[in-house]
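Engineer: 3D, please:
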Amino acid sequence: MYILGINAAFHDSAACILKDGQLLAATADERFTHIKHGKRPVPFSTWELPFHAIDYCLKVAGIHLSEVDHIAYSFDPYLLLGDEYAGRTSIEIPLESGDDKLSKEWLNPWAPLFITSIVNAPRQLVDGYPHHLQKRFIGASVNDFEWHFVEHHIAHAASAFHCSPYSHAAVMTMDGRGEKATTSYFTGNDNNLTLIDQVYLPNSLGLLYEEVTTHLGFLHSSDEYKVMALASYGKPEFVNDFREMIRLNNNGHYTIANQNLEQRFGPKRLRHEEFTSHHFNIAHSLQVVLEETVLKITEWLYRQTGEQNLCMAGGVALNCVLNGRIRDQGLFKNIWVQPASGDDGTALGAALWVDVQQRQSTTKGFVMDHAYWGPEYSDEEIEKFIKWAKVPYRKLDNKAEETAGLLAQDKIIGWYQGRMEYGPRALGSRSILASPINPAMQARLNEVKDREDFRPVAPVVLEEEAANWFENAGYSPFMLFVYNVKPEKADQIPAVRHIDGTARIQTINERQHKAYYDLLKAFQRKTGVPVLVNTSFNTLSKPIVCSPRDAIECFWTSPFDALVIGSFLIQKNGNTIVSRDPYLQASEIIA
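Structural biologist: Numbers count the residues shown, from 1 in each chain. This is a model prediction of the structure:
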């Protein structure tokens with residue numbers, strides 16, 4: 001049984017495919033379209049489906065769309081339509097946003113347009129695909145599969161619990177919004193998810209964080225992680241303001257008062273204006289009060305469920321500083337966070353939810369122990385493109401040793417290996433790597449990537465060495481928790497130690513990604529340090545590279561020193577060897 005999961009309602013459009021309960025592939029549409037987050041979360045974009053991601057998933061499964069048994073879409077428009085629209089086939093859409101009648105009837109005047117596009121998603125899927133992708137779509141009918149609209153927060157919850165290693169757990173999802181819910185609490189037991197309670201719009205911790213993101217001159221539903229980084233430079237000057245905005249009850253519920261940020265904090269920062277201590281203090285105060293609030297909520301959830309395990313998803317669960325505070329709170333013995341906690345992960349959650357209902361299995365059959373579910377390219381495919389592009393290169397005799405040697409010389413390396421990561425973090429398949437030993441490396445990398453100066457870079461560390469370099473560190477493969485750098489190690493890895501003394505670590509073992517692990521081991525042999533800087537292989541406002549073409553274009557238009565792509569090395573110092581193989585036809589090239 002094939003189940004195709006789709007997320008397309010808001011942002012981070014994505015798709016995945018399951019076969020008999022096992023994940024075959026999962027990826028975001030941005031990897032193929034080069035539009036970060038796939039699209040902006042506006043009502044006018046809900047008709048856009050992640051056709052490129054769907055096409056990739058069908059390719060991995062080796063099937064046509066007509067061979068899919070079930071399709072799970074991670075948003076249920078009928079939760080918003082209500083009983084008054086039952087059986088109706090039409091809905092009024094405003095010509096202008098100021099339509100008084102519709103403004104009173106809907107929370108947002110454009111909601112009817114938003115909803116009608118989602119209701120028509122099955123028909124859009126079978127006849128709206130791009131022409132160049134027709135091979136796996138043409139001829140399919142809405143009668144070929146059973147369509148399921150899955151509540152957004154159930155999709156988030158399923159993406160967390162059904163992927164976790166636990167047979168029972170408390171589950172918490174927090175994001176900007178779903179259909180109506182913004183925060184949801186569940187218990188998971190074997191393959192069952194039971195809803196405890198929900199917080200509804202307009203009360204949303206995620207939307208408040210988005211509003212502050214906009215106030216600080218960043219792009220909402222995109223740059224919230226920058227606010228988290230900015231917070232480390234500030235002081236709690238405005239905590240009382242945020243405590244007035246967020247009113248927490250004793251039952252997991254909270255309300256958000258009218259924030260009116262400009263009245264409280266003055267004019268919002270424009271995008272290219274300088275950051276001041278005022279901006280740092282706003283970000284810091286928001287982060288402090290968010291942590292206070294969620295810690296109290298998790299105390300309530302722990303008492304409510306009595307569970308020792310906690311699973312989390314939703315955009316707020318990507319706040320690795322908050323996650324570290326929940327871990328250090330010590331109530332839950334184990335915490336598992338979905339690596340694709342944003343809306344891209346709801347494609348997987350919706351598919352898993354439908355799979356559980358259809359197969360009626362009582363035991364869990366899938367554990368997500370790595371995030372490498374995206375596209376990959378063989379050495380043969382990579383070499384074909386390199387030759388066609390007439391790029392000088394050479395094949396490496398020992399990839400780990402030679403790359404480690406370059407890193408030990410303080411070279412900045414583009415690292416392109418194996419299947420691409422699912423979720424927002426680069427985890428060693430599409431990464432930029434560097435040595436953490438030079439304290440100037442963080443500034444160098446921000447310049448290379450054209451990023452803001454305050455942005456930290458993160459470390460990857462051998463799993464067996466993590467506790468020796470970071471306090472109380474253990475298995476942490478998804479870069480979703482911060483740990484304090486051990487004081488006695490701080491001078492050895494200054495590039496990855498943030499201003500507050502923490503680092504957002506990724507641990508790696510041989511089973512998860514052998515090439516990546518071997519490189520860390522080789523670097524350790526050369527330097528005595530089992531840690532590398534790992535940041536995403538992209539530049540400002542661009543998605544992480546996906547294809548060999550993407551990687552080589554990014555490399556040649558950015559000041560990296562070298563690119564290790566598959567088994568091949570490309571450098572900019574003129575010392576590479578040009579292949580003498582005959583010219584290949586463009587039609588043979590994988591790009």
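
Engineer: per-residue confidence at residue 218?
Structural biologist: Looking at residue 218, its pLDDT stands at 93.

Engineer: so how far is residue 282 from it?
Structural biologist: For residue 218, the distance to residue 282 equals 12 Å [C-beta to C-beta, to the nearest Å]. Where you see a C-beta, it was placed from the backbone N, CA and C, and this is true even at glycine.

Engineer: comparing the two, which residue is more hemmed in?
Structural biologist: residue 282 (26 against 20; other C-beta atoms under 10 Å).

Engineer: helix, strand, or coil at that one?
Structural biologist: At residue 282 the chain is in helix, as set by DSSP: H, G, I helix; E, B strand; the rest coil.

Engineer: my read: it touches residue 212, true?
Structural biologist: Yes: if you go by C-beta atoms under 8 Å, residue 282 and residue 212 touch, sitting 6.6 Å apart.

Engineer: please name the nearest non-neighbouring residue to residue 168.
Structural biologist: residue 189 (4.8 Å; C-beta to C-beta, 6 or more residues apart in numbering).

Engineer: list the residues that contact both of residue 218 and residue 282?
Structural biologist: Taking C-beta atoms under 8 Å, 6 or more residues apart in numbering as the contact rule, residue 218 and residue 282 have no neighbour in common.

Engineer: hang on, the residue nearest to residue 168 packs against residue 167?
Structural biologist: Yes: using C-beta under 8 Å, residue 189 is in contact with residue 167, at 7.4 Å.

Engineer: tell me which residues in stretch 78-92 are buried?
Structural biologist: Within stretch 78-92, the residues scored as buried using 16 or more other C-beta atoms under 10 Å are 80-81, 85.

Engineer: what's it in contact with?
Structural biologist: Residues contacting stretch 78-92 (C-beta under 8 Å, 6+ apart): 102, 111-112, 115-116, 149, 151, 179-180.

Engineer: again, only using 6 Å
Structural biologist: Applying C-beta atoms under 6 Å, 6 or more residues apart in numbering, the contact partners of stretch 78-92 are 112, 115-116, 179.

Engineer: check stretch 205-213 too.
Structural biologist: Outside stretch 205-213, the residues that touch it by C-beta under 6 Å, 6+ apart are 174-176, 220, 223-224, 227, 256, 259, 286, 315-316.

Engineer: and which of these is nearest residue 420?
Structural biologist: residue 315 (21.0 Å; C-beta to C-beta).

Engineer: pLDDT value on the closest one, please?
Structural biologist: 96.

Engineer: show me where pLDDT drops low in the stretch 201-350 of the chain?
Structural biologist: The model of the stretch 201-350 of the chain has no residue with pLDDT under 70.

Engineer: also the stretch 451-591 of the chain?
Structural biologist: Using pLDDT under 70, the stretch 451-591 of the chain drops low at 574-591.

Engineer: rerun at 50
Structural biologist: For the stretch 451-591 of the chain, the stretches with pLDDT under 50 are 575-591.

Engineer: where do the strands sit along the stretch 151-300 of the chain?
Structural biologist: Using DSSP state E, counting those that start in this stretch, the strands of the stretch 151-300 of the chain run over residues 168-174, 181-189, 192-200, 246-248, 254-256.

Engineer: return the most buried member of those.
Structural biologist: Mean neighbour count, computed with mean count of other C-beta atoms under 10 Å, is highest for strand 168-174 among the strands of the stretch 151-300 of the chain, reaching a mean of 26.

Engineer: using CSV, write down the CA coordinates of that strand.
Structural biologist: Below are the C-alpha coordinates for strand 168-174, written out as CSV (Å, rounded to 0.1, in the frame of the first residue of the first chain):
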residue,chain,number,x,y,z
HIS,A,168,4.1,5.7,24.8
ALA,A,169,4.6,9.5,25.3
ALA,A,170,3.2,12.9,25.9
VAL,A,171,3.0,14.9,22.7
MET,A,172,3.1,18.6,22.4
THR,A,173,2.7,20.6,19.1
MET,A,174,3.1,24.4,18.9
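
Engineer: name the residues linked to the residue nearest to residue 168 by a beta bridge.
Structural biologist: Using DSSP bridges, the bridge partners assigned to residue 189 are residue 168, residue 192.

Engineer: and of the buried residues of stretch 78-92, the nearest to residue 413?
Structural biologist: For the buried residues of stretch 78-92, the residue nearest residue 413 by C-beta to C-beta is residue 80; the value is 48.0 Å.

Engineer: ok, that closest one to residue 149 distance?
Structural biologist: With C-beta to C-beta as the criterion, residue 80 and residue 149 are 11 Å apart.

Engineer: contacting residues for residue 267?
Structural biologist: With contact set as C-beta under 6 Å, 6+ apart, residue 267 has no partners.

Engineer: measure stretch 244-252 end to end?
Structural biologist: For stretch 244-252, the first-to-last residue distance is 17 Å (C-alpha to C-alpha, to the nearest Å).

Engineer: hang on, the earlier thing: filter the contacts of stretch 205-213 to the buried ones?
Structural biologist: For these, buried by 16+ other C-beta under 10 Å: 174-176, 220, 223-224, 227, 256, 259, 286, 315-316.

Engineer: and those, which two are furthest apart?
Structural biologist: 223 and 256 (20.2 Å).

Engineer: pLDDT score assigned to the residue nearest to residue 168?
Structural biologist: So, for residue 189, pLDDT stands at 94.

Engineer: which residues are in contact with residue 191?
Structural biologist: 356, 361-362, 364.
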